[in-house]
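> Need coordinates for the following:
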Amino acid sequence: MDLGDGAHPCDPEGNFLPPGTPPPPLTDKTTDDWTPYKSRVEFELADYLFTRNQTPAHSIDHLLDIWAASLMQAGSKATLFSDYCDIYKTIDNTPLGDVRWQSFTVKYTGEIPEEGAAPWMADSHEVWFRDPHKVVRNMLANPDFAAEIDLRPYHEFAMENDEQPVEGLYVRQIGLIIKRYLQRDKTTTTPLYASIGNVQNNVRRAHQNAVAVVGFLTMPKTTKQHAETDFFWRFHRQLFHSSLSFILKNLRPAMTKPEVVHFRDGHYRRVVYGLGPYIADYEEQVVLACIVRRWCAKCLSHRKNLDETSLPRSRLHVDTLIEECDFDTLWVQYGIPFTNDFPRADIHELLAPNLLHQIIKGAFKDHLVEWVEKYLIQVHGKTQANIILDDIDRRIAVVYLPAIKGYVPEDVMRMFSAFLEFCYLVRRNVITETSLEAIHDALTRFHRHREIFKTTGTIPTFSLPQQHSMSHYVHLIQSFGAPNGLCSSITELKHIKAVKEPWRRSSWYNALGQMLLINQRLDKLAASRVDFHTRRMLSGTCLSSVLAALEPSANVPAQAVQPLPTSAEGHNPSQQELPAVHQTASILDVDVAADSEDIDAPTSILAHVQLARTSQGKKCAQTIPALADELVILDLADLVQDFLIEQLYLELDPAEVPENIMDCPHYEGRIRVFNSAVSTFFAPSDLSGIGGMKREYIHVSPNWRQGHARKDCVFVITDPNAHGMLVVRWFNRVSDTPDDETGLWMVEPSSIENRTHFAVIHVESIFRSAHLIPVYGTEPLPSVIKFHHTLDIFTLFYVNKYANHHAFEIAS
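You can find the predicted model right below:
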C-alpha cells in the first residue's frame, strides 16, 4: 500500500493539512459508554464465554441460571443476561468490526455432452467472502497498530557498521495469503487470508488482528473418473482465479486513484492500494502461475535443469498472449492469472517465499530425509537399514542432524548443517547485507555437499521445484523483506481460531454458515476490546473496577483485591524474606517446548527471571547442610560462602578480601528451595508477542510429574546486581570452534580435581533454557536407555542451536 505524498495527514476531503496539525479525537464516546453492553461486567462476561472459554449455548444458560439465583439470594432483582440468545444478540449489535459475509455462485457454462457428462458440470459452487476493502480500512484504523505501522518506505542502518537491514523495505503492499491448497478431488472450502504490508512483522506474527479471513474459496468435487481430465482441471483453475478476482474487485478503483482513509492516530491520509506478496505452497503456485508441474513459477529454467541461470517469468508474456489469442484459447492453452485484472500486479513477481511448506516440509522432510533412508537401504540393505532407522528415531531430540552422525558420510552431515543454517538465517526478524551473504554461502554449501547423493546413485536429479525455490530467496528478501513475516506459518494460529475452533463449535451440519457467524462475532468482540482499551476503560481487573466504583473514596488499587501468593508453609511473602535457592542444571527435558508462551507486551527487557510463587516448603531441605546432603554436594557451604564474598566485597581489591575463615561471611539460617522459575526474554524471530517478548518455564524436579527427574539446562549471563542464589553444574566447551560436520558447539561436564564442578550464582543470571544433545557415537542406543538417563551416561554433548530461532542467535 502506497501512502503517497509522504503519508502527510489530510482532511476527510483529501486536502493536505499544515505541518503540526493535531489529529481530531479518535472517538467522541465517554469513558462510561459500554455500548452495546450495559457495563464492563457484561462485556467481560460475554467476551469470556464466547471468545476465551467458547462455552456451549446450553452451558451458558445453566451458568446464567445459577448466577441469577445467587443474585436473588443476595437481594438483587437485576440479572446480566437472560439467556445465551441475549448474549449473542448483544454481540451482534456491536457497531464496530462489522464487515458482513456475502456470497456469489459459480457454475460451469461451457458445452455439456449429451452422454457421459461429468457430475461437476451441473454443480453450483458457492463462494463466501468479506469485502477486503473494508477489512483493510479497519486494519488501518486499528489503534493497536499505533506504533507498528510504517507510513512510508525507509532505510534503517545499524549503529555499529551501517549495515542496511532488509526489513523495512517491505512497506508498500497488501499481502494476500491462503492457508493451504487442497487436492481437487476433495470436497471442502479453503480459507483466504489477507494482511497489509505496512504492518510490521512482529504484529503480523503475533496475530494481533493483522491477519484476517476474507473468504472461503470452494474446491469443486468430482468422481475419480473425471478428476484427472483436462476439462475438470481447466474449470478448477478458472474457478480459482475468477473467485479471487471477484473478491478483490472493490480494491481496484483505489489502485489508480488515491482514496482518503481514517488512520489509527486520528488523522486522514490519501492511500493507493496495490497487491502484494502471495504466499502459497508449490502445488498452489502451479495453479496461480498457470504453469505445468515440475516447472518453476518464478523463472523460465527448464524442468530438467531448474538450477540453471535463466530469465524471470513476466506478466508481459501473458499480456502478449491476450493480444494475440482469443478467450477460449487463452484458458484452454495457457490460463489467465487473476492478477491480470489489477494494475501493477504480476503473479510471478508476487509469489513470496513459503519457508514452512516449501522448504521445511517440502525440501527437508519430503526430500532430504527420504534420501537418507534410500542411501541407508542402498548401502546396508533393507533389514539393516531399518535397524539403523529405528536407532535414529530413538536418538532424535528435536533435531535430526546429530541423530544421523555415524551412519552417513561427512558430506551428508555438512549438507544438513548448511540447509538448517539457510532456514534459520532467512527466518531472522531483521536481515542485513551480511545476512544475505551468509544465506548465499549456506545455499552454496548445501548445493555442493548434496552431490554425495548423486555420486552414490541414491537419486538421479536435483531438479526439484521446492529445493530450487531456495535460489530465489535472496532476491525475494530484497523485494519483500524478511520472510519472518511472510510465511504460511503466520496463518497457523489464525487458522485454529478462524477455522478449526469454529468448526468444533458448530453442529457439523452445514457448518460453514455457523463458522462465518462465529468469526463475525469474534471480530466484533475483538473490536470492542480494542475500543474500550483505547479509551482506558479496561484498567485493572473487573472486580477491582467494580470495587472502585462502589467505594470511590477508598481509591482501591487494581492489585488490592488479589490474594498474595504464599509458600507451602503458608507465610506471607510480603514479610521478611529468607534467601531463595533454586536448583538447575544439565539436560533439557523433551517437554520444554510446551513450557513456553508468547507475551502480548511491549519490548522491555533483554531477559528477566522470576522464581515460582511457591517454594517446596518442608518437602525440601531448609538449611544449607541439609541441602548439601540432599544434592550430594559436600562443599555447598563453601560455594555459598564464595558467593557471599563475591557480593559483599565486589568493589574491593582482592588483597582486602578476608582470608581468615572467621572473618568470612557465613549463613546458617533457614532457606527456601524453588524447583521452577520463569524466564522472560526478547525473541522476535520466534513465535512471540507483539513486542517480541516470550516467556519460558524452567524446571528442576527430582520427580517430574511423579516420574523421572527433570533438570533443565540454561544459558547463563553475568549480572552482579541480581538477587537470589542458583546452584548449577557447569559445562565447558570442548573446542574454540563448533564441530566441523554439524556446525554445533560441543560441551562436556566441567570438573575440578576429578570432582563435578558445581557453583552458586545469581538467579537472574539465567538467560533462557538451552538444549543439550548427547554425542551418540556409532553404536546403536540400547533400548533400556531413556532420555532422562542421558546426563548420567553420556560425557559429550552438542549445544543445540536449532532448538528455535532465538537459540540459533545465541549459540551460532
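> Quick check: pLDDT value at the closest residue to residue 360 other than its chain neighbours.
For residue 360, ignoring the flanking residues on the chain, the nearest one in space by CB to CB, 6 or more residues apart in numbering is residue 423 at 6.5 Å. Heads up, the C-betas are built off the backbone N, CA and C, glycines and all. The model reports residue 423 with a pLDDT of 91.
> cool, and residue 628?
So residue 628 comes in at 87 (pLDDT).
> Buried residues in the helix or strand hosting it, which are they?
Here residue 628 sits within helix 624-631, counting by DSSP states H and E. Buried residues in helix 624-631, counted by 16 or more other CB atoms under 10 Å: 624, 627-628, 631.
> how about the strands of the stretch 451-600 of the chain, start to end?
Using DSSP state E, counting those that start in this stretch, the strands assigned to the stretch 451-600 of the chain run over residues 580-583, 596-598.
> hey, least reliable of these by pLDDT?
strand 580-583 (a mean of 41).
> For my notes, confirm residue 677 occurs in a helix.
No - counting by DSSP: H, G, I helix; E, B strand; the rest coil, residue 677 is located in no helix; its state is strand.
> does the residue nearest to residue 360 really touch residue 361, like I thought?
No - if you go by CB atoms under 8 Å, residue 423 and residue 361 don't touch, sitting 11.4 Å apart.
> and the residue nearest to residue 360, which of the three is it?
Going by three-state DSSP: residue 423 is helix.
> who's in contact with it?
355, 359-360, 364 (CB atoms under 8 Å, 6 or more residues apart in numbering).
> In strands, which of those fall?
In strands, judged by DSSP state E, none of the contacts of residue 423 are found.
> any idea which of the residues you listed is closest to residue 693?
residue 355 (22.5 Å; CB to CB).
> roughly how far apart are that closest one and residue 466?
Per CB to CB, to the nearest Å, residue 355 is found 11 Å from residue 466.
> Equivalent analysis for residue 744, please.
The value you get for residue 744 to residue 466, if CB to CB is used, is 25 Å.
> Those two: which has the busier surroundings?
For residue 744 versus residue 466, neighbours defined as other CB atoms under 10 Å are more numerous around residue 744 (23 against 19).
> you'd agree the more buried one is up against residue 796?
No - in this structure residue 744 lies outside contact range of residue 796 using CB under 8 Å: 11.5 Å.
> hang on, the earlier thing: adding distance to residue 771 as columns, could you present the buried residues of helix 624-631 in CSV?
Converted to CSV, the buried residues of helix 624-631 look like this (distance: CB to CB, whole Å):
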residue, distance to residue 771
624, 31
627, 27
628, 29
631, 23
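> Among those, pick out the one closest to residue 278, please.
residue 631 (56.9 Å).
> so the closest one touches residue 727, yeah?
Yes - using CB under 8 Å, residue 631 is in contact with residue 727, at 6.7 Å.
> so who does the closest residue in space to residue 795 that isn't next to it in sequence touch?
Using CB to CB, 6+ apart and skipping residues adjacent in sequence, the residue nearest residue 795 is residue 748, 5.9 Å away. The neighbours of residue 748, taking CB under 8 Å, 6+ apart as the test, are 731-732, 734, 795-797.
> Quick one, which of the residues you listed are buried?
By 16+ other CB under 10 Å, the contacts of residue 748 give 731, 797 as buried.
> Which ones among the contacts of residue 748 lie within strands?
Those of the contacts of residue 748 lying in strands (DSSP E): 731-732, 797.
> Closest one of the residues you listed to residue 392?
Looking across the ones in strands among the contacts of residue 748 and measuring by CB to CB, the closest to residue 392 is residue 797, at 17.9 Å.
> beta partners for that closest one?
Legend: beta-bridge partners of residue 797 under DSSP bridges are residue 747, residue 774.
> those strands in the stretch 301-450 of the chain, which residues are they?
Using DSSP E, counting those that start in this stretch, strands in the stretch 301-450 of the chain do not occur.
> Output the below-cut-off pLDDT ranges for it.
For the stretch 301-450 of the chain, the stretches with pLDDT under 70 are 331, 397-398.
> How are the helices of it distributed by residue range?
In the stretch 301-450 of the chain, the segments counted as helices under DSSP state H, counting those that start in this stretch are 315-324, 327-329, 347-350, 369-395, 410-426, 433-449.
> Which of those helices sits closest to residue 489?
Per CB to CB, nearest to residue 489 of these: helix 410-426, 11.8 Å.
> Any idea how far the closest one is from the middle of the chain?
22 Å (CA atoms, centre = their mean, to the nearest Å).
> now the angle between helix 433-449 and that helix, please.
If you take axes from the mean of the first three to the mean of the last three CA atoms, to 10 degrees, helix 410-426 sits at 150 degrees to helix 433-449.
> what about dumping the CA coordinates of helix 410-426 to PDB?
What follows is helix 410-426, C-alpha atoms only, in PDB (Å, rounded to 0.1, in the frame of the first residue of the first chain):
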ATOM      1  CA  GLU A 410      30.500 -36.400   6.300                       C
ATOM      2  CA  ASP A 411      29.100 -34.600   3.200                       C
ATOM      3  CA  VAL A 412      25.600 -35.600   4.200                       C
ATOM      4  CA  MET A 413      26.200 -34.100   7.700                       C
ATOM      5  CA  ARG A 414      27.600 -30.900   6.100                       C
ATOM      6  CA  MET A 415      24.600 -30.700   3.700                       C
ATOM      7  CA  PHE A 416      22.100 -30.900   6.500                       C
ATOM      8  CA  SER A 417      24.100 -28.300   8.500                       C
ATOM      9  CA  ALA A 418      24.100 -25.900   5.600                       C
ATOM     10  CA  PHE A 419      20.400 -26.500   4.900                       C
ATOM     11  CA  LEU A 420      19.400 -25.800   8.600                       C
ATOM     12  CA  GLU A 421      21.600 -22.700   8.600                       C
ATOM     13  CA  PHE A 422      19.800 -21.400   5.500                       C
ATOM     14  CA  CYS A 423      16.400 -21.900   7.100                       C
ATOM     15  CA  TYR A 424      17.300 -20.100  10.300                       C
ATOM     16  CA  LEU A 425      19.100 -17.300   8.600                       C
ATOM     17  CA  VAL A 426      16.100 -16.500   6.300                       C
END
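> Helices of the stretch 451-600 of the chain, start to end?
Counting by DSSP H, counting those that start in this stretch, the helices of the stretch 451-600 of the chain are 451-455, 465-468, 473-480, 492-495, 501-505, 511-534, 542-550.
> Deepest-packed of these, please.
helix 465-468 (a mean of 22; mean count of other CB atoms under 10 Å).
> who's in contact with it?
Outside helix 465-468, the residues touching it (CB under 8 Å, 6+ apart) are 282, 294-297, 301, 306-307, 358-359, 362-363, 366-367.
> of the residues you listed, buried ones?
If we count by 16+ other CB under 10 Å, the contacts of helix 465-468 have these buried: 282, 295-297, 301, 306, 358-359, 362-363, 367.
> Could you provide those in a markdown table, with additional columns for distance to residue 395?
Putting these into a markdown table (distance: CB to CB, whole Å) gives the following:
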| residue | distance to residue 395 |
| --- | --- |
| 282 | 31 |
| 295 | 38 |
| 296 | 36 |
| 297 | 37 |
| 301 | 38 |
| 306 | 33 |
| 358 | 27 |
| 359 | 24 |
| 362 | 24 |
| 363 | 22 |
| 367 | 21 |
